[in-house]
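Asks: give me coordinates for this.
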Amino acid sequence: MAKIGLITEGITDQIVIENILMGYFDSNEDYIEFMELQPLRDETDNKSGYGGWGKVLEYCESSKFKGALQFHDYIIVQIDTDISDAYGISQLEMGKELTPKQLIERVVTKLIDLIGQTIYEKYQDKIIFAISVHSLECWLLPLYYTDKRKAKIVNCTNTVDEKLKKSGKKIRLQNKKGEKNVESYRKISEKYCKHKTLIKLYPENPSLKIFIAEVEKRGIFIDDF
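Replies: Numbers count the residues shown, from 1 in each chain. Next comes the predicted model:
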């Protein structure tokens, strides 16, 4: 069994990443143990815990991160780039917008600096960055679109909900108050639990493709016995 720790901006991010990984490994929670390190998630209250990009950065430079490396096979670090300027990463260079790959590289450098170069070099095979450009909701677009919108990196929550509304489905990623619907994220992202679905669709969104490539590089083997 693989023990995977999750450091994410929020609970919905954890849910989507868990389903993506189960689809990638063609496995289930009997063989992958997910540990929600940040934010913490109470089994009886999906809204418990506190997240946000600030908490991700705080956790990365804390002693908790170094301790977690001792007790997990892998640790996923997720952060959105929608407001990367707020944590010191500009989305522009000489007035030109960075590509998702360029932006991800700069965010990863920032996270490594917080973790500490020495710690990172020692444990880099265990640390997998999930940098979502510009939000993790963009990773859900390939499930609903076959045109260029599947690769969108902005306004992704509304784009998903727009499709759900047009298709007559009652679920939405967010309610009228703009609050995230945890169960909707779970239900929608469960489609990625199917290995064939994930493998077919993940290359369609640029930052999801980079995340899967990082997982693939680790050569992780899930023992089903």
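
Asks: buried ones in the lengthiest helix in the chain?
Replies: Looking across the chain with DSSP state H, the single longest helix is helix 100-115. Using 16 or more other Cβ atoms under 10 Å as the test for burial, helix 100-115 gives 100, 103-104, 106-108, 110-112, 114-115. Heads up, the C-betas are built off the backbone N, CA and C, glycines and all.

Asks: next: stretch 87-97.
Replies: Neighbour-count burial for stretch 87-97 flags 87, 89, 91 (criterion: 16+ other Cβ under 10 Å).

Asks: can I get those residues in TSV including pLDDT?
Replies: TSV is the format used below for the buried residues of stretch 87-97 (pLDDT from 0 to 100):
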residue	pLDDT
Y87	98
I89	98
Q91	98
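
Asks: buried ones in stretch 188-202, by neighbour count?
Replies: Under the neighbour-count criterion of 16+ other Cβ under 10 Å, stretch 188-202 has 188-193, 198, 201-202 buried.

Asks: ok so, going back, chain center to the longest helix of the chain, what's the gap?
Replies: Relative to the centre of its chain, helix 100-115 is centred 15 Å away, using Cα atoms, centre = their mean, to the nearest Å.

Asks: show me what it is packed up against.
Replies: Counting contacts by 3 or more Cβ pairs under 8 Å, 6 or more residues apart in numbering; DSSP states H and E, helix 100-115 is packed against helix 53-60, strand 74-80, strand 127-132, helix 206-217.

Asks: tell me which of those sits nearest to S167.
Replies: Evaluated over the helices and strands packed on helix 100-115, closeness to S167 peaks at helix 206-217, with 21.7 Å, by Cβ to Cβ.

Asks: by contact count, what packs against the closest one?
Replies: Applying 3+ Cβ pairs under 8 Å, 6+ apart, one finds that helix 206-217 makes contact with helix 11-24, helix 100-115, strand 127-132.

Asks: S135 and N158 touch, don't they?
Replies: No. Counting by Cβ atoms under 8 Å, S135 does not reach N158; the two are 10.8 Å apart.

Asks: the more surrounded of the two?
Replies: S135 (20 against 13; other Cβ atoms under 10 Å).

Asks: show me the contacts for that one.
Replies: Each residue near S135 by Cβ atoms under 8 Å, 6 or more residues apart in numbering is listed here: 80, 82, 156-157.

Asks: make a markdown table out of those residues and add neighbour count and pLDDT.
Replies: Shown next, in a markdown table, are these (neighbours: other Cβ atoms under 10 Å; pLDDT from 0 to 100):
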| residue | neighbour count | pLDDT |
| --- | --- | --- |
| D80 | 24 | 98 |
| D82 | 19 | 97 |
| C156 | 23 | 98 |
| T157 | 17 | 98 |
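
Asks: nearest to T146, of those?
Replies: Lowest distance from T146 to those (Cβ to Cβ) belongs to C156, with 15.9 Å.
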